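**Student:** show me the folded form of this:
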Amino acid sequence: MEPLLEHKLLSKEEARGKALELIAKVDIPDGEEMMRRYPHELSGGMLQRIMIAIAPSCNPKLIIAEAL
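**Tutor:** Numbers count the residues shown, from 1 in each chain. This is a model prediction of the structure:
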């Protein structure tokens, strides 16, 4: 929710709804539960999907993704 609150100036309710929408787009089940968890409680794959969901959240002109 942070990027949406800081850069898009959404209300907490709007940011939460948008975050849940983005989490659903990357096929993470039970988005509400995932938002309550700490990062160390998620698997590596789940963390990757969360980062993929965050990337387009503020409508950037360009996204560079590098696989190491």
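
**Student:** quick check: what element follows the longest helix along the chain along the chain?
**Tutor:** Across the chain, the longest stretch assigned as helix under DSSP state H is helix 12-25. Using DSSP states H and E, the helix or strand that follows helix 12-25 in sequence is helix 31-36.

**Student:** so which residues make contact with the helix or strand just after that following helix?
**Tutor:** Scanning forward in sequence from helix 31-36 by DSSP H and E, the next helix or strand is helix 44-54. Contact with helix 44-54 is made by 3, 19, 22-23, 25-28, 34, 39, 42, as judged by CB atoms under 8 Å, 6 or more residues apart in numbering. Just so you know, the C-beta spots here come from the backbone N, C-alpha and C atoms, and that holds for glycine as well.

**Student:** just the buried residues of these.
**Tutor:** Among the contacts of helix 44-54, those buried by neighbour count (16 or more other CB atoms under 10 Å) are 19, 22-23, 28, 34.

**Student:** now do the residue lying closest to Glu14 once chain neighbours are set aside, the pLDDT please.
**Tutor:** Leaving aside its sequence neighbours, Glu14 sits nearest to Leu4 (CB to CB, 6 or more residues apart in numbering; 7.5 Å). On pLDDT, Leu4 comes in at 91.

**Student:** was I right to think Leu4 contacts Asn59?
**Tutor:** No. Leu4 is beyond contact range of Asn59, at 10.8 Å (criterion: CB atoms under 8 Å).

**Student:** the two: which has the busier surroundings?
**Tutor:** Neighbours were counted for Leu4 and for Asn59 using other CB atoms under 10 Å; Leu4 has more, 21 against 7.
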